[in-house]
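Asker: need a structure here:
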Amino acid sequence: MRDTGEGGGGGDHISKSEKDQTWIPKIIKKRVCTTFVEDSFSNGALCQCGGARDEHASVALGDYFSTAIVNHWDSAQHSSEYPTDAFGELKFAGASKRHSSYLRLSWDTPPSIVYTLMTAHWGLPSPNLVVSVVGGEGRTKVKTWVREVLRQGLVKASQSTGAWIMTAGLREGVGRCVGEAVRDHATAASSMSLNKVVALGIAPWGLVHNRQQLVNPQGSFPAKYYVQNTSRDSCCLDNNYQAFLLVDDGSEGRRGGETGFRAKLEDFISHQRTGIWGSGSIDIPVICMLVSGDTSLLERVDLSLKTSMPWLVLAGSGGLADFLSDVLENLSSAPAAVQSSGEADSEAGPSVDLKDRLAERFKKHFPTEAEPDKLVERALSIYQNRDLITIYHGEQEGPNDFDTVLLKALVGASKHRASVDDSPYSEELKLAVTWNRVDIAKSELFNGDIQWRYEDLEDSMTDALVNDKPQFVRLFTENGLNILDYLTYGRLESLYYSVADSTLLYQLLQRRLVERLGTAAHVTSSNLPESSSKVAAENIHSGPSTEISLFEVEGVLELLMGDVCQPFYYSALGLGQISHRRRALRRVGKLLRGDCMYREKRCLFPWASLFIWAVLQNRSEMAMFFWEMAGESVLSALSGCKMLRELSKLEVQTETELSMKELAQKFENLAHDVFSSCYRSNESRSFTLLIRKSPVWGGTTCLQMGMGADARLFFSHDGVQSLLSQIWWGDMKRNTEVWKLMLTFFCPVLCYTNLISYREQEDNQQEEQGKPNEDGPGRDSDSLYGTTIFSFSDIKHIDADVQVPLSPMTATIKGMPYSHRPPKRPFIVSRWRQFWFAPVTSFLGNVLMYFLFLLLFAYVLLVDFAPPPPAGPAITECVLYFWVFTIVCEEIRETFFLGTKTLRQRIRVYIQDVWNKCDLIAVTLFIIGLICRMFDWSYGFGRDVLCVDFMVFTIRLLHIFAIHKELGPKIIIVGKMVKDIFFFLFFLGVWQMAYGVANQALLYSYDPKLDRIFRRVFYRPYLHIFGQIPVEQMDVGKDWDMPCTDNVTLIKSGYEPCRTLHNNWLVVILLVVFLLVTNILLINLLIAMFSNTFSEVQANSDIYWKFQRYNLIVQYHCRPSLAPPFIILSHINLFIKRIIRKVPSIKIHQFVLQLTGKAANRLMTWETIQKEDFLTAQYTIQKSSDSERLKRMSVKVDGVIKHLTESRDFDHRLRALETEMEYCSNALTWIVDTLAQGSTFKPPRPPPTLRDAFPSSSNAS
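Answerer: Got it, this is the predicted structure:
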């Protein structure tokens, strides 16, 4: 009976949506009326379904009296199911470009299939709330205040909670008002800041106007839907809805066919979980909102109430809503006798009096209803479930607090269903978390009246963490949730398992999981589950070994952190000191196949672990809160910066990459600002802060993490530079002139004079001042934290006392004076060590010796390069070889014998440095040249290699001058300009080849000699740029004295070919164009690039130089005092000291200091106080800003308006009370007059006279 109509789908290509929805006709059906049941009002022309007789396959049978046996049409009996022929996407003609999804389905379709279709295939976000608006259909005019409630109340509240709004979805009545409100709010609000509201239309298929435009058995992608008379209410679909479910019961033009399916869908959604992957702590709250309505909705309300579905009745909207509000408010406030009698007879049935009162009010509201008895019974059933109904007087209360009304209505219904053991406010809290309404939670739940238990907050905390609600996390933490009890290793694993599939972190975790499992097949089957199989918070301990574990998290952190810190979570997994990756994999595999007892243990550093979890997901606000709560704020901020910058390199989405970079810069600024606060408070403590070895962040320090994070701004801080300068100068004062150092370097005896000033006397004075109160409560802060190792005078005591279990440094830091101090060295020895062991002295020695090395190298190449053996090499050349050998020994020491990292990590760190690569090239070329010069056949080649190698060694000299404040930034500028040259050379090479080939071909018709071709194609055009233009060769008008020939045989033998004459004019034109492009265009482009690079680097040159300075100071701090070639003596000394005598290195304490016990706690407490002071100052600045003042003013104005509204309500009530009192007064006066005029009986006294309530002033006087 249905024709196919014109399909809206169709294109030649099959879209992705069409491929995904080809299964729909196989599962979802439509209904077609197949049995004609005569409609008595149509004279036999129409069926009761609304269709004509000719469209039906059969007719209901009649008896011999010609009356139909069947007199009532039923969809289940008289219609049949067929595959649906209307589904896909809907495009409204003349409306927005956004397409809406739609589906024609039978009324008995399982709601689970439909819900999965909407969320998984149509892409609708899972709701945090479902509001089903019932009533208000048809052409009944919607009241103005009802429109405002729907616009400012319902849609705004739904937008803040991320809700679905269900209506009929037609352009009539309430459905049209909701659609317009959703459209206006979506236009005004930012999609990034507010949750998207989904307007879902559920309408009867047979009632939709122009429904034939939607029919297409293959699906429409999209179907074009034309709407006529859009200015008036009609049964057309509303273009402001995101999706339509067109419920088909086989009828045409009848309302109510969708009621049963809509109720089942609401009930199904109310049993689904909220949050990502259904990880929320509650089921999706569903509430029905009654607006107006007729008596046919009584059955709908009654049936849904029996399934514990809460209802919100909009009193004053008319129809059924007014009737129910009247019944529930007035009958509920009836005398106690009526209620008690009703309650006593509740088992046998409602009281007769209550039923009569209901019937009376029903006749008052619906006087024309034909069969009131059945409807009154429905009303009685609804009255018995009145606890699930909330009355809302929108006209009086206003739409502003509608979200609070919804919350209280749902909470009231949940309390009605909740068990006795549950907290009475737990459901209200869960709903507030689900809607992300922290303002409601603060004002209603956390105002000090409720004592919250840990068990009440646990599930909500997990919900807030997983679904990124940092304000609730902060609220729970401030109101009694102990993070130490909450965060176990198992729950931390569950948080990583809840990471969304679309994030970069999920992909990195999956790669590590594949590595652990060994094959990707297992991961495919076990790590791509349905959304319902995602672990919830209460099931965190029962996962198989194929789920995300801390080992995968550690692998991701190792990828991001690199060699900056030691592995995370190894102690929790019981891996101990296992450094080999394969051994760790085997050990973890055995552990995860067992009981996994570690998951029950508390997380050792909970706030830092949550900070890492938030940073890896690029959750800015959440990460900021966890940073505030975690200790070691400077190092934590630098660690977040490091992780985010490494993640941004792996991220492929540009927008996400930019947000990661912005958050990384924010953390670097935080580290800089907090350290500034620390440095202003106490310089010595701040120095200790920079070199303290952190147990939280894998044994790294602030300096190491800042270098790994490329935190240039942090390194440019004066405090960091002051520490580096103090280490650089050792015991010498920082204002020592360089010429004094140079003079002492050549005349070492001068180190014993007063030519150079030392800090030793100042240190002794500070030490003496700190001794009297060293152990007292008011101990000087410098004596407690000022023991940081900066100079050799401090190291020498530790070096001499290294065998003592409690070293002087540790004893001093802990506040425990040590009794034994090693005897001081003689003045001659100590002063010698103070001068020669300072990094600056080592640097000057290396610079001077390197210049001598270059002079020796140049002298050998130019003057004393002897023939191969046995005639050579000369003595100077042998000295050069020995010198290079000592340089190689030092490079080997720096690579393999420095630091505590593994061999693989050391090699990787060494290779990453650009100047180390330069050293490798220089040494390699020197070895090649040395080998080749020893043989006659390769002697010349070896000398050539050594000549090139001399250039490399000379360029290496630039690195030495990076320490200079003026030259250092210039070296950085030169390095960046070299990168610009490569881009310039690309353009130049393209244009040079184009011109060179054309010019050669035009000048010479035949020239087979390759060397000559190469020179004239590449070399000669390159010289043109610098003005060397051989005009006599290019222009045939000029005489050229070069003999030439046109003989091909002679040309092949090497003679110069003659130039071509006829096309020489074109050669001249090409020369002019080439010079124009290269000398004017490209050269000026290069200058512009250089200027841009210079201006960029010059503006931050100081920051760049300070950052680069750190590497050089670390390098020369770790180097022996002697420079090559005398460094071989230091190497022998170190070999005896470290390998034979096993004496550990103490000098490393200048950059890594390990604190324990009270010293570590005091330093962390001091840092925390500085961070809090900084945050307080920032909050004060933010609070005093204009925007914050406007916000506070807006809140105050809203409060005043609210109070004015309340006072206006009181005014209305007083006026109503005055009116009633006036009426009563008049009635009593009339009674008194009547009785006075009658002669039935005589009163014992006259009636009372009216006295003035407020006597006049004249009477008073």
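Asker: how about the strands of the protein, start to end?
Answerer: 29-33, 35-36, 58-59, 79-83, 87-92, 100-106, 129-134, 163-167, 198-204, 220-225, 243-248, 286-290, 311-314, 389-392 (DSSP state E).
Asker: Report all helices and strands that the third one contacts.
Answerer: Right, the one you point to is strand 58-59. strand 35-36 (3 or more CB pairs under 8 Å, 6 or more residues apart in numbering; DSSP states H and E). C-beta: built from backbone N, CA, C; applies to glycine.
Asker: what lines up beside the strand it packs on in the sheet?
Answerer: strand 58-59 (parallel) (DSSP bridges).
Asker: which other residues reach the strand it pairs with?
Answerer: Strand 58-59 is contacted by residues 34-36, 53 when judged by CB atoms under 8 Å, 6 or more residues apart in numbering.
Asker: Go again with 6 Å.
Answerer: By CB atoms under 6 Å, 6 or more residues apart in numbering, the surrounding residues in contact with strand 58-59 are 35-36.
Asker: how distant is that strand from the center of its chain?
Answerer: Taking CA atoms, centre = their mean, to the nearest Å, one finds the center of strand 58-59 at 64 Å from the center of the full chain.
Asker: where are the low-confidence patches of the stretch 651-800 of the chain?
Answerer: 760-800 (pLDDT under 70).
Asker: returning to what we had before: any idea which of the strands of the chain scores lowest on pLDDT?
Answerer: For the strands of the chain, mean pLDDT drops lowest on strand 58-59, to a mean of 72.
Asker: Per-residue pLDDT of S419, please?
Answerer: We have a pLDDT of 48 for S419.
Asker: In this structure, where's the longest helix?
Answerer: When the chain is parsed with DSSP state H, its longest helix is helix 1186-1237.
Asker: Show me the helices in the stretch 301-450 of the chain, by range?
Answerer: All helices of the stretch 301-450 of the chain, identified by DSSP state H, counting those that start in this stretch, fall at 319-326, 332, 336-344, 352-365, 372-384, 394-397, 402-417, 426-435, 438-440.
Asker: got the ones you listed as JSON lines, with distance to Y570 and mean neighbour count columns?
Answerer: What follows is the helices of the stretch 301-450 of the chain, written out as JSON lines (distance: least, CB to CB, whole Å; neighbours: other CB atoms under 10 Å):
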{"stretch": "helix 319-326", "distance to Y570": "64", "mean neighbour count": "21"}
{"stretch": "helix 332", "distance to Y570": "65", "mean neighbour count": "11"}
{"stretch": "helix 336-344", "distance to Y570": "66", "mean neighbour count": "13"}
{"stretch": "helix 352-365", "distance to Y570": "72", "mean neighbour count": "16"}
{"stretch": "helix 372-384", "distance to Y570": "63", "mean neighbour count": "17"}
{"stretch": "helix 394-397", "distance to Y570": "59", "mean neighbour count": "17"}
{"stretch": "helix 402-417", "distance to Y570": "45", "mean neighbour count": "20"}
{"stretch": "helix 426-435", "distance to Y570": "35", "mean neighbour count": "25"}
{"stretch": "helix 438-440", "distance to Y570": "37", "mean neighbour count": "17"}
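Asker: Can you tell me which of those has the worst average pLDDT?
Answerer: Set side by side, the helices of the stretch 301-450 of the chain give their lowest mean pLDDT on helix 336-344, at a mean of 38.
Asker: Tell me which of the strands of the chain lies nearest to L1228.
Answerer: Proximity to L1228, assessed across the strands of the chain by CB to CB, is greatest for strand 389-392 (34.4 Å).
Asker: ok, that closest one: who's next to it in the sheet?
Answerer: Sheet neighbours of strand 389-392, with direction, are listed as strand 311-314 (parallel) (DSSP bridges).
Asker: any idea how far the strand it pairs with is from the chain center?
Answerer: Put simply, strand 311-314 sits 39 Å off its chain's centre (CA atoms, centre = their mean).
Asker: Can you give the contact residues for that strand?
Answerer: Residues from elsewhere that reach strand 311-314 (CB under 6 Å, 6+ apart): 287-291, 321, 324-325, 389-392, 394, 409.
Asker: ok, now stretch 377-384?
Answerer: Stretch 377-384 is touched from outside by 298, 301-302, 350, 358, with contacts defined as CB under 6 Å, 6+ apart.
Asker: okay if I get the residues you listed as CSV plus distance to F984?
Answerer: Putting the contacts of stretch 377-384 into CSV (distance: CB to CB, whole Å) gives the following:
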residue, distance to F984
L298, 83
V301, 78
D302, 82
P350, 94
L358, 91
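Asker: So which of those wins on neighbours?
Answerer: Among the contacts of stretch 377-384, the one with the most neighbours (other CB atoms under 10 Å) is V301, at 26 neighbours.
Asker: OK, contacts around that residue?
Answerer: Shown in contact with V301 (CB under 6 Å, 6+ apart): I382.
Asker: pLDDT score for it?
Answerer: Turning to V301, the model gives it a pLDDT of 87.
Asker: From L328, how far out is it?
Answerer: Applying CB to CB, to the nearest Å, the value for V301 to L328 is 12 Å.
Asker: For R593, which of the helices of the stretch 301-450 of the chain is the nearest?
Answerer: Between R593 and the helices of the stretch 301-450 of the chain, the tightest spacing by CB to CB is seen for helix 426-435, at 36.1 Å.
Asker: The closest one versus strand 163-167: what angle between them?
Answerer: Going by axes from the mean of the first three to the mean of the last three CA atoms, to 10 degrees, helix 426-435 is angled at 90 degrees with respect to strand 163-167.
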